[in-house]
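**Q** sequence and predicted structure, then a few things I'm wondering about:
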Amino acid sequence: MDDARFGRPFIDIDEWRETPRRIRYVHGGFEDTHTLFSFYFPPPEDYQGRFFQFLEGGAGGHENLLAAGWQPGINLDWVFDLVMDELGGYVVESNQGHYPGEGTGFGNDIELWGASAQAALYGKELAAEMYGDAPHHGYIWGVSGGGARSGHCLENRPDVWQGGSPHAGMGQSTQWSPWALTWLLAKDKFTDIVDAVEPGGSGNPFDGLDNGQREALAELYRRGYPRGGESQLGPFTAWAFSMYGLLVSDPQYMHDFWNTPGYIGHDEPEVIGKLVLHEKATIKEVFPASESTSVFAQMATRLGTAGAATTDPTWAVRLDIDPPDPDLLFMAQVTILTGKAAGRELVICELDDGVISPFSEMTPDVFEDVEPGDEVLVDNRAFVAWAYYHRYTLTNHARQDGGIITELEPWTVDGHAVYPQQPRGEPGPSTPGGYKARVAGKMIYVQPTLDNMVWPTTIWPYDRMLRENLGSETDDHYRLWFVENACHGAPDSIGPMISSTERDPAVWRSRLVSYDGATSQALRDVVAWVEDDVAPPFYRGYELTRDNRLVLPPTAAERGGIQPLVTSAANGGIRAEVVVGEPVTFTGRGEQPPGMGTIVGAEWDFEGRDEWTPSAITVDGTSASVEVSDSHTYTEPGTYFPSFRVGAHRLGAAGTGLPVQNLARARVVVRPAGG
Amino acid sequence: MPNAFIDTDEWRDTPRRHRYVHGGFEGTETRFSFYFPPVEEYQGRFVQYLEGGAGGHDNLISLGYDGKGMKWFFDLSFDELGGYMVESNQGHFPGEGLGFDDDYELFGASADSAEFAKELAAEMYGEGPHHGYIWGVSGGGARSGHCLENRPDIWQGGAPHAGIGQDTQWSPWGLTWLLARDKFAAIIDAAEPGGSGNPFDGLTHAQREALAEMYRRGYPRGAENQLAPFTPWAFPMYATKDFDPGYFDDFWNVPGYLGHDDPQILSSVLIDERHTVSRLVKASDITNVMAQMAMRLATAGASGTEPTWGIQIDTDDHERLFMAKVTVLTGEAAGRELLISGTEDDVLSPFSERTPEMFEGIAVGDEVRVDNRDFVAWCYYHWYQIEDPTVDGIDREFEPWLVDGNAVYPQRGSRPVSAAAPSRYKRTLSNKMIYVQPTLDAQVWPTTISRYAQGIRTNLGDAADDHFRLWFCENAPHGTPEFLGPALTSEKDPGVWTSRLVNYDGVTAQALRAVVRWTEDGVAPVYYHGYDLSRDNGLKLPGTAAERGGVQPVVTAQANGAARAEVKVGEPVNFLGSAEQPAGQGTIVRAEWDFDGRGAFERHEVDGTASTVDVKAEHAYSEPGTYFASFRVGAYHDGVATGPTIDNLARVRVVVTG
């Protein structure tokens, strides 16, 4: 409680709750600030002197996600049981210093770690009162923006948090623009690209693409887009964070791109022209937040929007225009030209059947006061320019890394940038250059391999700097663990939210695994590391190719880590072709790295629709490896992607909580009988 | 060996005394020349030289293309190596194909010539030679590699130069010329000593990408000043038309290809125009050296007629029509199609290899169509023809066009690769090879040998060191600087090229001496160490003579302490040139400064006993301008006192204002 920038704490809720389990819930904040917090205290008999703090991703801004068990894309319903039953802790959460709609959560050190530390320190006071003893250790974790900020917390306040497990956040930077460029140019071919790279496909995602599409996709891969993450391709709401950041940090770029020789926007307008939407329109219909499918609107209505003027503002509108490619409304800027809200500028970050919703993080007024008949200007030129930004800013993010970072070499020749470069700015706080890259406590960094929002490449610069700074002591402070076949959050919410080719949550549960079991194990392991000096396992032998593809070793023993390695086959191969009624033999193998526990589950989802059948063999949790052979007969023609999923637990059958999962898939093409 | 005949057998006194024998083999087109030294100079060896390009000539050692011949090669062979010299036309007359068609052209005709010479040597000297050696440059380098691999019984050692592995690297160069020729002066200025160092500055988006591609494909850094349109692009372009004619339609008509999908990118360089012939140019009107050479090749064996070699048409810019197709629309020659492979002096001249009738029969006033669709398509061919991975894997030179092993662009499938391509070699040797590669070779880039060298290493393992050396020759181009530079580029002053680049003859001579000692006395030649190709296929050499090794001195230069000096007229500039010969590899015997960068080198006193020299000089410029001063040294190995020195140089920029 040493930070004079915070006023006195206040408490507005202090009550015992019975759901999801018995918890003393304390909600409050600090006077004269926008910082709000929630504490979740277990009964004294469950308390063993620890606390665990969760940082929301994205911009932050909410302090009550754990109560809801939910952040868009992230499951949190397992947290209380792990922390209270196994780890003997209470849970801390804050809005990280600001209300929703107040920036992107990286504005200053209060947002990065100061507000979180202040909340943690006040939580300690309440714990001391309640339990008689303040906690002896504190831990922190978070995903994405919360992962990025939990890294800053660990680096800057080792007195508050002795260990933690940032997930998929440190080092994220400008990697999204090649993704946006690929979407702009190749969105009509995403189905073909996915088919090529899904199990049993051609393996060549370039087949059938036009010249511009090939080059955009190549650029996306070379920048590090996760191989196997193609099925998640689609337009992404959070591009707005990066685009807004650019509008603020480098407005000159938006001018140069279209007006300066050497930039493609100036030199080849005929190539770019088909991507541009620039026209006037009239508002046809308006929709309140409560009727909107927008993720941000859902958060506003479901969580309550602290500090907002109204609780159900006009969130979305329909325009009277019918552009040849309606998708080009995505990320367009809308300027209100007439009516009560004239002069307001918004960026459209969600499209739903012609209904457009704005990026409320930067324009909390959304479409409030906008009425049918108001005129607007729609202009996506800033988005088109931003989609090429990665070519023009190779050095900004490498200040502490001695020049152009390895991951950006494809845009250079002999160390020279091929394209003209924008002046070097200050490194953003989530970029590698924004970190000290020194850790006094313990950090287990968790990176999903199929994370298409924060790519596996992103941790490389931080990893490199940390190893340089800590030298031979690196292994005493830092681990990097990959979670194979996991995406940025819960598969069944991330997939439908982000993919333009597959909206069915069940399919996503079949395609990908949750990393929650790995998160649980990382928190257990970091506690044992900090308090009992039990070194956690290493993940070994991973590397990036020259095209920034992540390559993992092929065996569990070489790979290490905590996740089982899984393989599967249909009729002995990655692809089987059969007729209706013809049995298919499935074989699967799961192997846990040595010393990391045993396999506790093995199951098939033969049709790739989240209908899981346990393998016929008994998996009793006594073995570190399983080999199964099962059979399935398809009754309808079609293309199926059977999935073989294996779970493992450090303590085998005696383990509690979530297993660490992995899966492997194949393709079965079923033709009509007699056809 | 077919029956040989001899049509000349005489003693000659120029360039020094030798017995000259000329002849051939009956029933073949093979012709040869032998140069036998007087008996007292013979020590039981022969040295064979293979002409580059397609081959086809049998008298270059004595005459050369310029009528002067290779005096230094006579002296080296007779005085130092104790050998006679052999050359042949490698199985065919001039103008008949590319010289890579079959084993006979690759090594058979050369082997037959060598064997017949051995018979004559045995008669003349009482003993046939106990060892034979071979060398050649470019196409001759490529074929001398095949000779060494296939006939170790004839040649026990050799020094191929700048030829093995050359293949498809020219189309990115064509593309860069096509898109960025108006920026070559700026690119050169950036890359020359004391320049910005960033060749991309000031280029358009498309120019940047083309230049980046050319570098990534391996174009030698520092050779930007050799950028120019290149007549022999016609060879791979015609070869592509022969084996993959569909490409030239597909590029423009099939989805997935740039020409179909984004033709607007090419609209500013695509030409399809009609013109009227305004002037005819006869062979005797030609002033350009390259054109004269091409003319001589094209008309070899022809009767005394003088065909119409070139035309001018009603356009202001003839150079942009380089590699365009001219279709004669009216007049006596209507219907003839010619590829324009020269635009020197605003004269359109044809690739006479394919159209030997050239512009004969064409009259002023005839109409022609000029279109470069095929050339534009060829300039992108490297996107669409990455070497078939099932044959030999992907060359690292192609990796920039791949992602995860998948080609980014649609692929044409297997193609017949040139006999100079790495995959066409056995990549195993039982004899000795010292391969010499100039670092600023704009025609056969330093990347080209990497695949062959890897193959030798893979196949021979540790024994590779007993059979193979790779020596780079820094700051040397593909041939003689003062000939190549003016012939190929818009910088026509031979003196400038003498100042910019060195000749590799001294390294050639040393390689031949070294390979003889290696073969006969087991004295292992020096290694060239620490070279590397960057991920962008730029050749990196170590900075010091000790790290680098090899036989060539390492040279640095400074003007007022830096790579660039800015002074006033009359203000003295302090120059410092330093050179170091690798340890144990002899001494610096010559050091000279050329302050104006026009070939007027001034010698500075060196005593010839030191392996390092520092030469300070002062010079004041009397006229404003930008000067590239050059510091050049020559070295001899211990025990060598004659022949071409092993040269290297370093340059600085001096900007003089009034």
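**A** Arrived safely, thanks for sending. Residues are numbered from 1 along each chain as shown, chains lettered A, B, ... in the order given.

**Q** surely A:Gly489 and A:Val143 touch.
**A** Yes: counting by Cβ atoms under 8 Å, a contact exists between A:Gly489 and A:Val143, whose distance comes to 6.6 Å. Every residue, glycine included, has its C-beta placed from N, CA and C.

**Q** so which bits of stretch A:348-356 are buried?
**A** A:Ile348, A:Cys349, A:Glu350, A:Leu351, A:Val355, A:Ile356 (16 or more other Cβ atoms under 10 Å in any protein chain shown).

**Q** ugh, typo on my part, it should be stretch B:587-599
**A** For stretch B:587-599, the neighbour count (16+ other Cβ under 10 Å) marks B:587-599 as buried.

**Q** what does stretch A:160-174 give?
**A** By 16+ other Cβ under 10 Å, the buried positions in stretch A:160-174 come out as A:160-174.

**Q** restricted to strands, list the residues you listed.
**A** Using DSSP state E, A:Gly163, A:Gly164, A:Ser165, A:Pro166, A:His167 are the members of the buried residues of stretch A:160-174 that sit in strands.

**Q** out of the residues you listed, which comes closest to chain B?
**A** Of all these, the one with the least separation from chain B (Cβ to the nearest Cβ) is A:His167, at 25.9 Å.

**Q** per-residue confidence at the closest one?
**A** You'll see A:His167 listed with a pLDDT of 97.

**Q** ok, it to B:Leu329 distance?
**A** Using Cβ to Cβ, to the nearest Å, one obtains 71 Å as the distance from A:His167 to B:Leu329.

**Q** common neighbours of A:Gly489 and A:Val143, please.
**A** A:Ile74 (Cβ atoms under 8 Å, 6 or more residues apart in numbering or on different chains).

**Q** the more surrounded of those two?
**A** Using other Cβ atoms under 10 Å in any protein chain shown, the more surrounded residue of A:Gly489 and A:Val143 is A:Val143, with 30 against 27.

**Q** got phi/psi on the more buried one?
**A** According to degrees, to the nearest 10, the main-chain angles of A:Val143 amount to phi -120, psi 140.

**Q** kindly report the same for B:Gly174.
**A** Backbone dihedrals for B:Gly174, given as degrees, to the nearest 10, come out at phi -60, psi -40.

**Q** just give me the neighbour total for the residue lying closest to it once chain neighbours are set aside.
**A** Closest residue to B:Gly174 apart from its sequence neighbours, by Cβ to Cβ, 6 or more residues apart in numbering or on different chains: B:Cys379 at 4.3 Å. For B:Cys379, the tally of surrounding residues (other Cβ under 10 Å) stands at 27.

**Q** contacting residues for B:Cys379?
**A** Applying Cβ under 8 Å, 6+ apart, we find B:Cys379 in contact with B:Ser171, B:Pro172, B:Gly174, B:Leu175, B:Leu178.

**Q** what's the first helix or strand after the longest strand along chain A?
**A** Longest strand in chain A by number of residues, with DSSP E as the criterion: strand A:278-288. For strand A:278-288, the following helix or strand on the C-terminal side (DSSP states H and E) is helix A:295-303.

**Q** show me the contact partners of that next one.
**A** A:62, A:64-65, A:68, A:72, A:100, A:237, A:289-290, A:292, A:305, A:308, A:311-313, A:315-316, A:349-350, A:357, A:359-361, A:497.

**Q** which of those count as buried?
**A** Those of the contacts of helix A:295-303 that meet the buried threshold are A:62, A:64-65, A:72, A:100, A:237, A:289, A:292, A:305, A:308, A:312-313, A:315-316, A:349-350, A:357, A:359-361, A:497, by 16+ other Cβ under 10 Å.

**Q** now do the helices in the stretch 351-500 of chain A.
**A** When assigned using DSSP state H, counting those that start in this stretch, the helices of the stretch 351-500 of chain A occupy the ranges A:381-387, A:459-470, A:491-498.

**Q** would you mark the buried spots in the least confident helix or strand in chain A by mean pLDDT?
**A** The helix or strand of chain A with the lowest confidence, counting by mean pLDDT, DSSP states H and E, is helix A:295-303 at a mean of 71. Going by neighbour count (16+ other Cβ under 10 Å), the buried part of helix A:295-303 is A:Val295, A:Phe296, A:Ala297, A:Met299, A:Ala300, A:Thr301, A:Leu303.

**Q** chain B against chain A: which residues are in contact?
**A** Along chain B, the residues adjacent to chain A under the rule Cβ under 8 Å from any Cβ of the partner chain are B:197-200, B:202-206, B:208-209, B:211-212, B:215-216, B:221, B:255-258, B:260-262, B:264-265, B:399-400, B:402-404, B:406-410, B:534-536, B:538.

**Q** what's the PyMOL line that selects buried ones from those?
**A** When burial is assessed using 16+ other Cβ under 10 Å, the buried subset of the residues of chain B next to chain A is captured in PyMOL by this command:
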select buried, chain B and resi 198+199+200+202+203+204+205+206+208+209+211+212+215+216+221+256+257+258+261+262+265+399+400+402+403+404+406+407+408+409+410+535+536+538
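
**Q** give me the residue from the stretch 51-200 of chain A nearest chain B.
**A** Of all residues in the stretch 51-200 of chain A, the one sitting closest to chain B is A:Ala196 (9.3 Å; Cβ to the nearest Cβ).

**Q** that residue: neighbouring residues, count only.
**A** 19.

**Q** quick check: it touching A:Gly203?
**A** Yes: the pair A:Ala196 / A:Gly203 is scored as a contact, 6.6 Å apart, by Cβ under 8 Å.

**Q** circling back to that earlier point, so which of the buried ones among the contacts of helix A:295-303 reach chain B?
**A** Of the buried ones among the contacts of helix A:295-303, not one also sits near chain B (Cβ under 8 Å from any Cβ).

**Q** which of those fall in strands?
**A** When the buried ones among the contacts of helix A:295-303 are checked against strands (DSSP E), the matches are A:Trp315, A:Ala316, A:Cys349, A:Glu350, A:Ser357.

**Q** and of these, the nearest to chain B?
**A** Proximity of these to chain B, judged by Cβ to the nearest Cβ, is greatest for A:Cys349, which lies at 28.5 Å.

**Q** give the contact list for the closest one.
**A** Contacts for A:Cys349 were tallied using Cβ under 8 Å, 6+ apart; they are A:Thr237, A:Ala238, A:Trp239, A:Ala240, A:Phe296, A:Phe330, A:Met331, A:Ser357, A:Pro358, A:Phe359.

**Q** try 7 Å this time
**A** For A:Cys349, the set of contacting residues under the criterion of Cβ atoms under 7 Å, 6 or more residues apart in numbering or on different chains consists of A:Thr237, A:Ala240, A:Met331, A:Ser357, A:Pro358, A:Phe359.
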